[in-house]
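Visitor: Any chance you can model this:
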Amino acid sequence: MHKLVKKKVLIPFIAIAILVTGSSFKSDFFEIAKQIEIFTTLFKELNMNYVDETNPAELMDTAIKNMLEDLDPYTKFLNEQDVEAYKINNAGEYSGIGSLVRSYKDKLLIVEPYKDYPADKAGLKAGDEIIKIGDINVADFDDNASELLKGANGTYVTVTYKRQGETKTTTIKREGIEVDAVPFYKMVDGKTGYIVLSKFNAKASDQTKEALKDLKGKGAEKIILDLRGNPGGLLSEAINVTNLFVPKGELIVTTKSKVKKFNREYKTKNKAVDTEIPLVVLVNGRSASASEIVSGSLQDLDRAVIMGARSFGKGLVQRPMKLTYGTQLKVTISRYYTASGRCIQALDYWNRDDSGNAVRNTEFNDFKTRNGRKVQDGGGVLPDIEIEAAKTNNLTKALLASHTIFDYATTYSYKNKVEDVSKFSFTSNDFEGFKTFVSNSDFSFETKSQKALREALSGDDKEIYGSNVQDGYKNLLAEMEKSKLNALDTFQKEIQKNLEDEIVKRYFYREGLYNYYLLKDEAILAATELLNANEKYTSILK
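Guide: Alright, predicted model coming up:
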C-alpha cells in the first residue's frame, strides 16, 4: 500500500548538531559509542515528549541526510528503493516503461523516451508531464512516484499527462528494458570507427569490446572513443575498458584510503584487443569518475590523444556498505590516482568557503606521462587538444541546470518539422528566437560580482553610503543583468551545441543524434582529421 503525504511539523534538529559536531569519525570507539548513546536517548525523548505527533522515520531520514551533507555529495544513505535502483543502474536491466524521467513534487517529466520501448510506443514525448499514475496523483505521493512506473513484464500502467496545456491519458505495457553502455557505434569513414560509451555499467567492457571488434572487421584502422557526458560507474569496468587498448599487467589506477584494505593497485588482467590502433578519446565537463580513469590513464600511458574539454574532476571512489533492513551506505572510501600518480579531484569538500561551498582546486601539480609529457592533477583531465564547442561556462551550466534549453527544445519541436537529420540546421534566426525565449522566461542566475553587490546593498554598510552611491549600485546591477543576455551571443557556440543536441533527439532519438554528430560535430570532425594525419597524431604522443 502506497504511503500518502502526511502533514509535517517543524522540529529543531538538535540531534543533528550533536551527531555531526560531536563525532569526528576517528577510530575512537569510545567516543563513537558515547555519541550514539546521546543521540539514541535524545531521539527517544524527542519522539515521546514533543508537543505534536512526530514521524520517527522522517526525523531519522532528515538527521542522516543532514549529517552526510557535511561530507561530500557522493556519500549517501540508500533506502530499500534506492538500493534497488542502484543495482538496476549498475546491471543495466530493469522492467518498466523505457524512458528517462525527472521527478518533481507534483509531476514526473518525460525527459527522453527510448526508441521502440513502451513509453515511445504509447506516444509519450519529451516534455510530457505525468500528473497521475493509475488512480494515484503524483502530487499526493510521498515517495518517488517514478517507482510506480516500474513493474513486471507484460503488466499495464495507465498514466495521465499534460502536453502543451492539454490533458491526455494513455496505457503503457511494461517490458524488460536493457540500458546499453554502448548505445551507438559506426564507421565515420572507410578507415575510422566511432564508439559511444555512455556509462560504465556491467555491460561496458563487453559491449565496447564487441563494438571494437566489429568495427575492425569492417575495416577500421583508427578509433574514436566518445566519453562525453559519461558520468562514470563501476571501477572494474573502467579497468577492463582501458585493458582493450593496453596490454596485460599495466597499472591503471591506484586507490589510497585511511583504511588499509582499501589501498589497492588495479592492473589490467586480460589480453588487449589492439595495443597499436590509433585512438582518440573525447571528453567534456560531464565526463566523470570512471570516464576520467579511462581517459586519464590512456593519456598517462601515451596510448591515446585526448580531445574535447576539461573533464569533471571526480577522483573519489565509493563503495556500498550493507546496513540493517535492506538499506545501505554508499560511502567515499578512497581517492584514486591514474597511471602517472595524479588525482584529478577538482573540488575540495573538506575545505569550504564562507557560503559552505566546496573550494575548487586552482593550484596544480605536474606529473609526467610514460613518454615524458607534462600532465597535471587537481582539475579533471585536461585534453591534449581542446575543442571550443565542447567547453562549458557558468551561463551554459545555468541554462542546462534550469532546464531552459530543454524547455526551448520542447517548444521548438512542436513548432517546426524536421524530416531528415542530415538537413537539420539551427540557424542564426533560431538562435535569436532562443534569446527571446530566455528573456521571456523566468531564467536567472547570479554571478559572484552580482552577489557581492547585492550583499553590499543589503548589509550594514548601506547606511554609510548616501543615496547617490546606492542608486549607482542599483544601476550597475541592472546593467549587469542586461549584459548577461548579451553573454548569450558571447557563448553562442557552446550554447548552440547543447540546443542542437536536445532538439535533434526530439525528432530522431539518440541514434539520430549520433548520426548527426558524424556529420556536424566539431570534436568528431577534428578527431577524424587528426587520425588521418598520422605524423601529427604521433608527434602529440611523443
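Visitor: As a check, name the ranges of all helices in the stretch 151-300 of the chain.
Guide: Applying DSSP state H, counting those that start in this stretch to the stretch 151-300 of the chain gives helices spanning 204-217, 235-243, 290-300.
Visitor: looking at this protein, which helix or strand is least sure?
Guide: Every helix and strand in the chain was compared by mean pLDDT, DSSP states H and E; the lowest is helix 14-22, with a mean of 39.
Visitor: I'd guessed residue 352 sits against residue 72; true?
Guide: No. Residue 352 is beyond contact range of residue 72, at 11.0 Å (criterion: Cβ atoms under 8 Å). Heads up, the C-betas are built off the backbone N, CA and C, glycines and all.
Visitor: Looking at these two, which is more packed in?
Guide: Using other Cβ atoms under 10 Å, the more surrounded residue of residue 352 and residue 72 is residue 72, with 19 against 13.
Visitor: How about the backbone phi and psi for the more buried one?
Guide: phi -130, psi 160 (degrees, to the nearest 10).
Visitor: next structured bit after the least confident helix or strand of the chain?
Guide: Using DSSP states H and E, the helix or strand that follows helix 14-22 in sequence is helix 29-49.
Visitor: Output the helices of the stretch 151-300 of the chain as a markdown table; include the columns distance to residue 267.
Guide: Putting these into a markdown table (distance: least, Cβ to Cβ, whole Å) gives the following:
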| stretch | distance to residue 267 |
| --- | --- |
| helix 204-217 | 15 |
| helix 235-243 | 8 |
| helix 290-300 | 11 |
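Visitor: Nearest to residue 525, out of those?
Guide: Closest of those to residue 525 is helix 204-217, at 18.2 Å (criterion: Cβ to Cβ).
Visitor: tell me the contacts of residue 507?
Guide: 413, 418, 421, 424 (Cβ atoms under 8 Å, 6 or more residues apart in numbering).
Visitor: And for residue 197?
Guide: Contacts of residue 197 by Cβ under 8 Å, 6+ apart are 181-182, 204, 208, 225-227, 230, 241.
Visitor: what's the distance between residue 349 and residue 358?
Guide: For residue 349, the distance to residue 358 equals 5 Å [Cβ to Cβ, to the nearest Å].
Visitor: any shared contact partners between the two?
Guide: With Cβ under 8 Å, 6+ apart as the test, residue 349 and residue 358 both reach residue 72.
Visitor: Which residues belonging to the longest strand that the chain contains are considered buried?
Guide: Scanning the chain for the strand with the most residues, using DSSP state E, yields strand 328-338. By 16 or more other Cβ atoms under 10 Å, the buried positions in strand 328-338 come out as 328-334, 336-338.
Visitor: quick one, the helix or strand following that strand and strand 328-338 angle?
Guide: Next along the chain after strand 328-338, taking DSSP H and E as the criterion, comes strand 347-352. Counting by axes from the mean of the first three to the mean of the last three Cα atoms, to 10 degrees, strand 347-352 lies at 110 degrees to strand 328-338.
Visitor: same for the helix or strand just after strand 347-352, what does it pack against?
Guide: Once strand 347-352 ends, the next helix or strand along the chain (criterion: DSSP H and E) is strand 358-360. Counting contacts by 3 or more Cβ pairs under 8 Å, 6 or more residues apart in numbering; DSSP states H and E, strand 358-360 packs against strand 347-352.
Visitor: so what does the strand it packs on touch, helix or strand wise?
Guide: So strand 347-352, by 3+ Cβ pairs under 8 Å, 6+ apart, packs with strand 358-360.
Visitor: Mind listing the shared neighbours of residue 352 and residue 72?
Guide: residue 358.
Visitor: Which secondary structure elements does the longest strand of the chain sit against?
Guide: So strand 328-338, by 3+ Cβ pairs under 8 Å, 6+ apart, packs with strand 76-78, helix 80-91, strand 251-256, helix 290-300, strand 316-322.
Visitor: okay, now residue 292: neighbour count?
Guide: Residues lying near residue 292 (other Cβ under 10 Å) number 29.
Visitor: For residue 233, see how far away it is.
Guide: Distance of residue 292 to residue 233, given as Cβ to Cβ: 12 Å.
Visitor: Then residue 445?
Guide: Distance from residue 445 to residue 233, counting by Cβ to Cβ: 30 Å.
Visitor: In terms of packing, which of these two has more residues around it?
Guide: residue 233 (22 against 14).
Visitor: residues contacting that one?
Guide: Counted by Cβ under 8 Å, 6+ apart, residue 233 has contacts 89-90, 199-201, 204, 289-290.
Visitor: Highest neighbour count among the residues you listed?
Guide: Result: residue 290 is most packed of the contacts of residue 233 (other Cβ under 10 Å), 30 neighbours.
Visitor: what's the spacing between it and residue 266?
Guide: Using Cβ to Cβ, residue 290 is found at 12 Å from residue 266.
Visitor: ok, the residue nearest to residue 342 when sequence neighbours are not counted - contacts?
Guide: Take residue 342 and drop its neighbours on the chain: the residue closest to it by Cβ to Cβ, 6 or more residues apart in numbering is residue 377, 3.7 Å away. For residue 377, the contacting residues are 342-344, 364-365, 367, by Cβ under 8 Å, 6+ apart.
Visitor: I figured residue 358 hits residue 346, correct?
Guide: No. Residue 358 lies out of contact with residue 346 (Cβ under 8 Å); the separation is 9.0 Å.
Visitor: Filter the contacts of residue 377 down to the buried ones, ChimeraX style.
Guide: Restricted to buried positions by 16+ other Cβ under 10 Å, the ChimeraX selection for these reads:
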select :342,343,344,367
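Visitor: Which member of the contacts of residue 377 is positioned nearest residue 195?
Guide: So of the contacts of residue 377, ranked by how close each gets to residue 195 (Cβ to Cβ), first place is residue 344, at 22.6 Å.
Visitor: Look up the pLDDT of the closest one for me, please.
Guide: Here the pLDDT value assigned to residue 344 is 93.
Visitor: ok, the closest residue to it other than its chain neighbours - how many residues close by?
Guide: Closest residue in space to residue 344, ignoring its immediate chain neighbours: residue 315 at 4.8 Å, by Cβ to Cβ, 6+ apart. Residue 315 has 26 neighbours, counted by other Cβ under 10 Å.
Visitor: What residues does residue 315 make contact with?
Guide: Residue 315 makes contact with 292, 335-337, 343-346, according to Cβ under 8 Å, 6+ apart.
Visitor: so can I have TSV of the residues you listed showing distance to residue 111?
Guide: What follows is these, written out as TSV (distance: Cβ to Cβ, whole Å):
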residue	distance to residue 111
292	25
335	32
336	30
337	35
343	33
344	29
345	29
346	26
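Visitor: so which of the residues you listed would you say is closest to residue 519?
Guide: The nearest one, if we look at the contacts of residue 315 relative to residue 519 and count by Cβ to Cβ, is residue 292, at 28.3 Å.
Visitor: For that closest one, give its distance to residue 311.
Guide: Residue 292 sits 5 Å away from residue 311, taking Cβ to Cβ as the criterion.
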